[in-house]
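Trainee: sequence first, then the predicted structure, then my questions.
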Amino acid sequence: MDLTIKINFMYLSKFYIKGYRSIKELDLTFNKGVNIIIGENNSGKTAIIDALRLCLSYGNQFRDVYLDKDRDFYIDVESEAADANEIHFDIIFEIDDQFEAAVFTDFVSQDPNLKEKQTIQLHFRYWIETRNDTGFLRWSVWGGDNEGQAIPSEAVQLLSFTYLSPLRDAVEKLRPNSRGNKIAELYKNLKSFNVDADEAIPLNRAKKDSLADTLQQAVKNPEWIGIVETGQGKVKEHIIGSSVRGKEPKVEFNFLSYKFEGIVNSIDAKTPIQGRNEKFDISQNGLGENNIIYAATVLGDLVNNQEGDIKKRNYFYQALLIEEPEAHLHPQKQNTFFKYLNTFDQKGIQLFITSHSPTITAKAKLDYLIVLQKQKAKISAFTVLNSELVPENIKYLEKFLDVTKSQLFFSNGTILVEGISEALLLPAFAKKMSLDTDVPDKYDLDKNGIEIVNVGGVAFDPFAKLYNSAEANKRLAAKCSLISDDDRGFLDKKSFSVQGEIDAEKSELIFKALKALGIIDKLNRIQKIELDDLVGFDPEKVVIRGVLEAKINEFSGHAKNALALKVENGNLDVRLAERTFEYELMIADKYNLRLMKSIYAKMHPDTKFLDFSTKKEEKATEILEKLKSNKDKSEFAMNLSCALSEKYHLLKRFVVPEYIQKAIQWVIPE
């Protein structure tokens, strides 16, 4: 079967959870195909999976998950009065075929506003009823819109799921005749088979019985009968010798009658040895290898049920719940395995995957992600589909969210920076800020779970929109700081071109003249507005002065864009350096300037600097110019970071600029 063909199937679109374990209240929206639930530890991932298992196994007589009245009701860590006394689960399925509505007629809910809109709904309520100081778990389950609507057992049995736990024993699940043998289930559910590539033979009940009978006939030959009777005779001999005459136990031995289901129960999985006519037991494989085999067997069985006419399916809804598929898989195998899982959009199975692997997250489609974050004991869910990111933003993030950047989804806060220099130095600055408090590690970024994301430029917009919505349900719950340069006072050779007064050619001449006088520095930034020494441009001086005065404190275009990203009440805070990051560090304090000058001098021993009496702003500009001309800003930042990290007395005296302090303080959880 071509598995790329679209298959119609109902799917779970909404899941409301209230009062269950660590979840006070959570409203989840799911995709039809793949759903990847990610988040830090203890953010509710397993609770969601177990809640799904509870609901979807309601019609199953053999359940491996249950609700514990003593452990599963939500407990508020801040107020005992806010503890949950009820647990609510509401699941809503979208209908993909009207035949599904007919099958689940007792579950159908009619949208009051859209006549053509119907959904399939199940509602679960659990509470504790106390009698004689003893608490008893009570529950109510109904379908559709009306509480008390009975749920036919035969209908809920048409909902199915398969669960792959994070610490699954793949070998045991693949052993012959074991309980829940996934290989046997795969073969039992086959609807056809191939002897050659051109013909698919239907595998109905009659064909299964016919195939089993061929084996049954094989054990009826005289030799097999002789073996059975010989063994039976030996047993009878001892029965007669050990029993009261006339009261001997009666026994006869026969091979089990061959049934198709019994035969496939005994199928064994082996690993072939290349180049040899031998095989070894799969228990000799590594854990990762066997998990791939096990998962592939489960997937094969699930897809098998979706083949053919919808009216003849064993189940009308199938889900695969996988916790931590990255378990025991190295990064490259995570990539290939997860890429394959991504193809299940149209295979008739809804996937729910939990993970805290940045590798998997980086390979996932952003539309699939459901990000759980826990802030002040409250768990919230964020989805890209419900955010304010536009398609261009999503496309950009999917391209550039590598393993490192995707860690922002698991963080307690994020700092967005332009380049490697900020990324190298911010951890040291956070440690310095902690030294100035009475709380050890108060601002330590690792200790607080803060992630630094180097966007490699000024393309902040896609990342910022993960945090800056004014609506809480459309943004990540953690806070984010954006650190950038304001690049104020920047000019180019066209800056003085004013229509009707100065043409482009003269503008370029003015620009060169101002640079020669030091009015514009080597970085093309305005240093001062003193035009007395500007010769040959007297008629234009009024225009030139006007441009300089207008531009000297004007932010660059990207800095303006960064400021525009901040939304009132959002979780994004924007902090800009005066001119550049390195310049701000140097002018923050004379000690900073001396330290940074000495580090540069070690990198370039033959460098000659301005006179010591020069203003610190001019010295800072000089070093900044040298860094730009030598293109070694990242090496300089590395050396400064090492100096601050390795020598306590240097870190203790270093002054962290205020704008950086505020950026770090913003993301540290209260």
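Mentor: Alright, I've got the coordinates.

Trainee: when you work out contacts or count neighbours from here on, use the C-alpha atoms and nothing else.
Mentor: Noted.

Trainee: phi, psi for residue 398 please.
Mentor: With angles defined as degrees, to the nearest 10, residue 398 sits at phi -60, psi -30.

Trainee: check contacts around it.
Mentor: Residues near residue 398 by CA atoms under 8 Å, 6 or more residues apart in numbering: 362, 365, 366.

Trainee: what is whichever strand or helix holds the first one packed up against?
Mentor: I take that to be residue 362. For residue 362, the element it lies in under DSSP states H and E is helix 358-363. Judged by 3 or more CA pairs under 8 Å, 6 or more residues apart in numbering; DSSP states H and E, helix 358-363 is in contact with helix 331-341.

Trainee: buried residues, the next helix or strand after the helix it packs on. List them.
Mentor: Using DSSP H and E, the helix or strand that follows helix 331-341 in sequence is strand 350-355. Of the residues in strand 350-355, 350, 351, 352, 353, 354, 355 count as buried by neighbour count, 16 or more other CA atoms under 10 Å.

Trainee: got it, and stretch 620-638?
Mentor: Under the neighbour-count criterion of 16+ other CA under 10 Å, stretch 620-638 has 620, 621, 622, 623, 624, 626, 627, 633, 634, 636, 637, 638 buried.

Trainee: also stretch 413-429?
Mentor: In stretch 413-429, counting by 16+ other CA under 10 Å, buried: 413-429.

Trainee: got the CA coordinates for that stretch in PDB?
Mentor: Only the C-alpha atoms of stretch 413-429 are listed here, as PDB (Å, rounded to 0.1, in the frame of the first residue of the first chain):
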ATOM      1  CA  GLY A 413      14.000  32.100  30.300                       C
ATOM      2  CA  THR A 414      15.900  33.100  27.200                       C
ATOM      3  CA  ILE A 415      18.300  35.900  26.200                       C
ATOM      4  CA  LEU A 416      18.500  36.700  22.500                       C
ATOM      5  CA  VAL A 417      21.800  38.100  21.300                       C
ATOM      6  CA  GLU A 418      23.300  39.300  18.000                       C
ATOM      7  CA  GLY A 419      26.500  37.300  18.100                       C
ATOM      8  CA  ILE A 420      29.100  35.100  19.700                       C
ATOM      9  CA  SER A 421      30.700  37.900  21.800                       C
ATOM     10  CA  GLU A 422      27.600  38.400  23.900                       C
ATOM     11  CA  ALA A 423      27.000  34.600  24.100                       C
ATOM     12  CA  LEU A 424      30.500  34.100  25.500                       C
ATOM     13  CA  LEU A 425      30.500  36.900  28.000                       C
ATOM     14  CA  LEU A 426      27.000  37.000  29.500                       C
ATOM     15  CA  PRO A 427      27.500  33.900  31.800                       C
ATOM     16  CA  ALA A 428      30.500  35.700  33.300                       C
ATOM     17  CA  PHE A 429      28.500  38.900  33.700                       C
END
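
Trainee: I'd like the distance from that stretch to the chain centre, please.
Mentor: 23 Å (CA atoms, centre = their mean, to the nearest Å).

Trainee: return the member of the buried residues of strand 350-355 nearest to residue 548.
Mentor: Closest approach to residue 548 among these (CA to CA): residue 355, at 54.5 Å.

Trainee: tell me what that closest one is bridged to.
Mentor: Taking DSSP bridges as the rule, residue 355 bridges to residue 38.

Trainee: wait, what's in contact with it?
Mentor: For residue 355, the contact set (CA under 8 Å, 6+ apart) comprises 36, 37, 38, 39, 323, 324, 325, 326.

Trainee: Serialize the buried residues of strand 350-355 to CSV and add fields for pLDDT and distance to residue 101.
Mentor: Shown next, in CSV, are the buried residues of strand 350-355 (pLDDT from 0 to 100; distance: CA to CA, whole Å):
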residue, pLDDT, distance to residue 101
350, 91, 18
351, 91, 22
352, 95, 24
353, 92, 27
354, 93, 30
355, 90, 33
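
Trainee: quick one: which two of those residues are the most distant?
Mentor: 350 and 355 (16.4 Å).

Trainee: sorry, back to before: most neighbours, which of the contacts of residue 398?
Mentor: residue 362 (21 neighbours; other CA atoms under 10 Å).

Trainee: surely that residue touches residue 402?
Mentor: Yes. Here residue 362 reaches residue 402: they are 5.3 Å apart, a contact under CA atoms under 8 Å.

Trainee: what distance do you get for the residue in the chain sticking out farthest from the centre to residue 510?
Mentor: No residue in the chain sits farther from the centre than residue 245, which is 74.5 Å out by CA atoms, centre = their mean. Distance of residue 245 to residue 510, given as CA to CA, to the nearest Å: 128 Å.

Trainee: same question, residue 93
Mentor: 70 Å.

Trainee: of the two, who's got more company?
Mentor: residue 510 (25 against 22).

Trainee: which helix or which strand is home to that one?
Mentor: Going by DSSP H and E, residue 510 is part of helix 504-516.

Trainee: residues of that helix that come out buried?
Mentor: Buried-residue list, helix 504-516, by 16+ other CA under 10 Å: 506, 507, 508, 510, 511, 513, 514, 515.

Trainee: which outside residues touch that helix?
Mentor: 492, 493, 494, 495, 496, 497, 520, 521, 522, 524, 534, 537.

Trainee: go ahead and build a PyMOL selection from the buried members of those residues.
Mentor: Command for PyMOL that selects the buried part of the contacts of helix 504-516, burial taken from 16+ other CA under 10 Å:
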select buried, resi 493+494+495+496+497+520+521+522+524
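
Trainee: which of the contacts of helix 504-516 scores worst on pLDDT?
Mentor: Looking at the contacts of helix 504-516 by pLDDT, the weakest one is residue 522, with 82.

Trainee: closest to residue 76 among the contacts of residue 398?
Mentor: Nearest member of the contacts of residue 398 to residue 76, counting by CA to CA, is residue 366, at 32.0 Å.
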